[in-house]
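Peer 1: okay, sequence plus prediction incoming.
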2 protein chains.
Amino acid sequence: MAPDDVKHVVIVGAGFGGLEVARHLAETNLRITIIDQRNHHLFQPLLYQVATASLATSEIAWPVRSLLRTYKTVTTLLGTVVGVNADAKTVLLEDGEAIVFDILVLATGAQHAYFGHDEWEPYAPGLKTIEDATAIRRKILSAFERAEREPDPAERAKLLTFVIVGGGPTGVELAGTIAELARDTLRNDFRNIDTRSARVVLVEAGPRLLAGFRESLSAYAQQALTRLGVEVRLQQPVTNCTADGVVIGSENLAAKTILWAAGVAASPAARWLQAAADRAGRIMVQPDLTVAGHPNIFAIGDTAHVTTAEKTPVPGIAPAAKQEGRYVAETIKARLRGGPTLPPFRYKDAGSLATIGKRAAVVDFGWIKLTGRLAWWLWGLAHIYFLIGVRHRLTVALSWLWIYVTGQRSARLITQGRTAPARDKTQA
Amino acid sequence: MAPDDVKHVVIVGAGFGGLEVARHLAETNLRITIIDQRNHHLFQPLLYQVATASLATSEIAWPVRSLLRTYKTVTTLLGTVVGVNADAKTVLLEDGEAIVFDILVLATGAQHAYFGHDEWEPYAPGLKTIEDATAIRRKILSAFERAEREPDPAERAKLLTFVIVGGGPTGVELAGTIAELARDTLRNDFRNIDTRSARVVLVEAGPRLLAGFRESLSAYAQQALTRLGVEVRLQQPVTNCTADGVVIGSENLAAKTILWAAGVAASPAARWLQAAADRAGRIMVQPDLTVAGHPNIFAIGDTAHVTTAEKTPVPGIAPAAKQEGRYVAETIKARLRGGPTLPPFRYKDAGSLATIGKRAAVVDFGWIKLTGRLAWWLWGLAHIYFLIGVRHRLTVALSWLWIYVTGQRSARLITQGRTAPARDKTQA
């Protein structure tokens, strides 16, 4: 093991932020441990493509320890952190183990939230993990399968109605892709139903889609979705979700598939430290991304509430988490050197991208905005560029090219749910 | 719907046999319905590669209705058959629906069997479905993860011991690939354990591995496995499986991972018809593959006990199921034409192949036998050739090339088990 005078940096969470810290500290003489409750890093920006059968799970998720294999100072642990003891400087794992740290980086991410309506979750699943994505894929594909066998027209219509709650990038991307699935991919596969009659409804409580983008791009996205056959409903808050549909204001909308893309909440890291947090549970960090009163504990990514120079919150997207991770690594290095402290963290907006089906996208770089096919190709190239590893770039490029040319999606697997028996049902 | 004088052929099971029947009847004026309890056709010969993290699930499983989309006379139903009423000529679905047939083809396949020891299943899972494969993948990868965190050397050794029961092609392929995972793929990924110290034990009750191959090939397979570091144990029947290992004769072998590749049993189709069956539950079919007393009901593939010209049973492999499926389709066509009945079914042995890791294989074509690298390349080409669809041929070829060149396996995902919560555990 390492000598006692080697400082131990513990990173909780192997998302975009956590990995960036590990990578930028790897060449120092620090001892680094990265802990995640899953064995894989997830490329969340493309998770909706798994949910809509365009990509396979292994195309967007990679073993953490494989990503970090060449960094011999970094140890990867599969474990679930359930608390932090700031006085004892330990991180507590679910199985009772306590890991001592000198410096702690909390990069535990977020998950979907129901604004006090957790009872909606069984009816309106959200999209944050690989399992969420395969569950949603199962739900969407099974709805078409059940519709094919449903004799009652009203029930059939309900099975062929898909409601997406939330008009941010995930909601827009889900709605566009489901519309394409119904209009294009599945068109020739069924005999009793016309999949093109499926109704895809995107419900947003605010006045426009893609609130983080410029208004002209929001308008473009709305037009592009409408052209794909998506019903866009603005300023219509959802007031209830049940097994039979959603209530929008006072209107009942019958639907067997409801997907939740309306909000996220941070992991409970703020509670571990009794730190001040915003409404979404994100820690109100100091300008150097440390937790107030704990100069050796950093919080980044969706775990942290950080503000831009314009006093608006830094968005919960991968580039922001990576910038914060890199800043924390540089800060730790500066301390190690005993040099001057770095200036406060400054978020550089690298632009926003969202795609609408396989023909259109919106790109907002600040200095330039793009729509349509050119934006779509740019979106595709950018995402392929950021995918980790040459191999995944190749297979994802191949998958997309295939969908683009043939309209077929290959990852259309209905795998068993958690409650279903794994063994063959016909075997009594 | 179709006019009344159009005959309705119902095929139960969309495996290799069932699909072949549907394809070869598609251009007739018959109405065809194919029913499967899963939405995907599974390329079972490569299932062990999903279990060992070499291929992604969607690389070897394809939506049935997508495979049959161009055959407009064929309807695909997702449903679980629970019985047959031969007098009423109906197939009974789990949800109560009854589907009337004129001609029925039972191609319901098989699953792993424990020879009267079903209580072993939780400790020694078998490999027949996509869910089996991801469960085994989770089990194997989690064992290494737990070993990395295990302080007790005895427990760690137990976690790093992998026992495969059954020395047929699946057992040989699993043992070889797990040995490579430990010796090669995972070698640099861990900090506290040396994955190369993992023990892989292949246990076979009979006198040699690959009993269906010639003896010289069995001997070669045994050598090749030994070279990979696999302990091969012959003539050693397993007498118990527990959470802590297996009992072989009177020896306790401590192991946290036990995989079952020792036997299969047919689906309960024989019971649906009270038909004569062999010990494995396969229907003893007539020379024309019909069920005795039911000239309009055929059974093929793993559902049927068919004998070769030499009176040995036709093996339960994909080429045999396809030949039987084609024969049934031709028989039905001959009846439709009112022509002479076909001569009895004759199995043509197209040869046997099995692979041992990524460098060696055995190929037995009867007139020629091959071992080593040449056999491995032949095995690879044959399997890529038989994969359905150009796209899957490309991606699987790419996956294998990648593993071959880099030793890395990309599908190393531990997805959640059925009992684990889908939501983030840190979110209290």
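Peer 2: Thanks, I have it. Note that the structure is predicted; figures quoted are calculated from it, not measured.
Peer 1: mind listing what the residue found closest to residue A:63 once you drop the neighbours it is linked to in the chain touches?
Peer 2: Once flanking residues are discounted, residue A:63 sits nearest to residue B:412: 4.4 Å by CB to CB, 6 or more residues apart in numbering or on different chains. No exception for glycine: its C-beta is placed from N, CA and C like everyone else's. Residue B:412 is in contact with A:39-40, A:58, A:62-63, A:66, B:53, B:137, B:141, counting by CB atoms under 8 Å, 6 or more residues apart in numbering or on different chains.
Peer 1: please apply the same query to residue A:318.
Peer 2: Applying CB under 8 Å, 6+ apart, the residues near residue A:318 are A:16, A:44-45, A:386.
Peer 1: residues contacting the residue nearest the centre of chain A?
Peer 2: Nearest residue to the geometric centre of chain A (CA atoms, centre = their mean): residue A:44, 3.9 Å. Each residue near residue A:44 by CB under 8 Å, 6+ apart is listed here: A:15, A:128, A:318.
Peer 1: I'd like the distance between it and residue A:302.
Peer 2: 10 Å (CB to CB, to the nearest Å).
Peer 1: same question for residue A:102.
Peer 2: 24 Å.
Peer 1: who has more neighbours, the two?
Peer 2: residue A:302 (29 against 14; other CB atoms under 10 Å in any protein chain shown).
Peer 1: list the contacts for the nearest residue to residue A:395 once chain neighbours are set aside?
Peer 2: Leaving aside its chain neighbours, residue A:395 sits nearest to residue A:59 (5.6 Å; criterion: CB to CB, 6+ apart). Listed by CB under 8 Å, 6+ apart, the contact set of residue A:59 reads A:46, A:50, A:392, A:395-396, A:399, B:56.
Peer 1: wait, a strand at residue A:296?
Peer 2: Yes - Residue A:296: assigned to a strand according to DSSP: H, G, I helix; E, B strand; the rest coil.
Peer 1: any idea how far it lies from chain B?
Peer 2: 21 Å (CB to the nearest CB, to the nearest Å).
Peer 1: same check on residue A:278?
Peer 2: 16 Å.
Peer 1: that residue: neighbouring residues, count only.
Peer 2: By other CB under 10 Å, neighbour count at residue A:278 equals 13.
Peer 1: same deal with residue A:185?
Peer 2: Counted with other CB under 10 Å, residue A:185 comes out at 23.
Peer 1: tell me who's in contact with the closest residue to residue A:204 other than its chain neighbours.
Peer 2: For residue A:204, ignoring the flanking residues on the chain, the nearest one in space by CB to CB, 6+ apart is residue A:167 at 3.1 Å. Residues counted as contacts of residue A:167 (CB under 8 Å, 6+ apart) are A:202-204, A:206, A:208-211, A:232, A:234.
Peer 1: how about the contacts made by residue A:85?
Peer 2: A:91-92, A:98.
Peer 1: how about the strands in the stretch 101-250 of chain A?
Peer 2: A:103-106, A:110-112, A:161-165, A:199-203, A:230-233, A:238-242, A:245-248 (DSSP state E, counting those that start in this stretch).
Peer 1: which one of those is the most hemmed in?
Peer 2: strand A:103-106 (a mean of 28; mean count of other CB atoms under 10 Å in any protein chain shown).
Peer 1: any idea of the mean pLDDT in it?
Peer 2: Strand A:103-106 carries an average pLDDT of 98.
Peer 1: Serialize the strands of the stretch 101-250 of chain A to JSON lines and add fields for distance to residue A:29.
Peer 2: Output for these, formatted as JSON lines (distance: least, CB to CB, whole Å):
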{"stretch": "strand A:103-106", "distance to residue A:29": "14"}
{"stretch": "strand A:110-112", "distance to residue A:29": "33"}
{"stretch": "strand A:161-165", "distance to residue A:29": "49"}
{"stretch": "strand A:199-203", "distance to residue A:29": "52"}
{"stretch": "strand A:230-233", "distance to residue A:29": "54"}
{"stretch": "strand A:238-242", "distance to residue A:29": "53"}
{"stretch": "strand A:245-248", "distance to residue A:29": "56"}
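Peer 1: check the ones you listed for me: which has the lowest mean pLDDT.
Peer 2: Among the strands of the stretch 101-250 of chain A, strand A:110-112 scores lowest, at a mean of 88.
Peer 1: which positions in the stretch 251-400 of chain A make contact with chain B?
Peer 2: A:265, A:267-269, A:271, A:389, A:391-392, A:394-395, A:398-399 (CB under 8 Å from any CB of the partner chain).
Peer 1: which of the residues you listed are buried?
Peer 2: The neighbour count (16 or more other CB atoms under 10 Å in any protein chain shown) marks A:265, A:267-269, A:391-392, A:395, A:399 as buried among these.
Peer 1: so among those, where is pLDDT lowest?
Peer 2: Where pLDDT dips furthest among these: residue A:391, at 68.
Peer 1: what pLDDT does the closest residue in space to residue A:139 that isn't next to it in sequence get?
Peer 2: The shortest distance from residue A:139 to any non-neighbouring residue, by CB to CB, 6+ apart, is to residue A:257 (5.6 Å). In this prediction, residue A:257 carries a pLDDT score of 97.
Peer 1: and residue A:257, how close does it get to residue A:205?
Peer 2: Taken as CB to CB, the span from residue A:257 to residue A:205 is 20 Å.
Peer 1: which one's more surrounded, these two?
Peer 2: Counting neighbours by other CB under 10 Å for residue A:257 and for residue A:205 shows that residue A:257 has the greater number, 24 against 17.
Peer 1: report the contact partners of the more buried one.
Peer 2: Contacts of residue A:257 by CB under 8 Å, 6+ apart are A:139-140, A:143, A:159, A:161-163.
Peer 1: which among those gets closest to residue A:247?
Peer 2: Of all those, residue A:247 sits closest to residue A:163, with 10.8 Å by CB to CB.
Peer 1: what's across from that closest one in the sheet?
Peer 2: For residue A:163, the beta-bridge partners under DSSP bridges are residue A:201, residue A:258.
Peer 1: wait, it touches residue A:259, no?
Peer 2: Yes - using CB atoms under 8 Å, residue A:163 makes contact with residue A:259 at a distance of 7.2 Å.
Peer 1: spit out the residues that contact those two alike.
Peer 2: Going by CB under 8 Å, 6+ apart, no residue sits against residue A:163 while also sitting against residue A:259.
Peer 1: shaky segments in the stretch 301-428 of chain A?
Peer 2: Residues of the stretch 301-428 of chain A meeting the criterion pLDDT under 70: A:390-391, A:407, A:410-411, A:413, A:415-428.
Peer 1: cutoff 80 now
Peer 2: Filtered on pLDDT under 80, the stretch 301-428 of chain A yields the residue ranges A:358, A:385-428.
Peer 1: how about the strands of it, start to end?
Peer 2: Counting by DSSP E, counting those that start in this stretch, the strands of the stretch 301-428 of chain A are A:304-305, A:352-356, A:360-364, A:369-371.
Peer 1: just those: most buried one?
Peer 2: strand A:304-305 (a mean of 26).
Peer 1: good, we can wrap up now.
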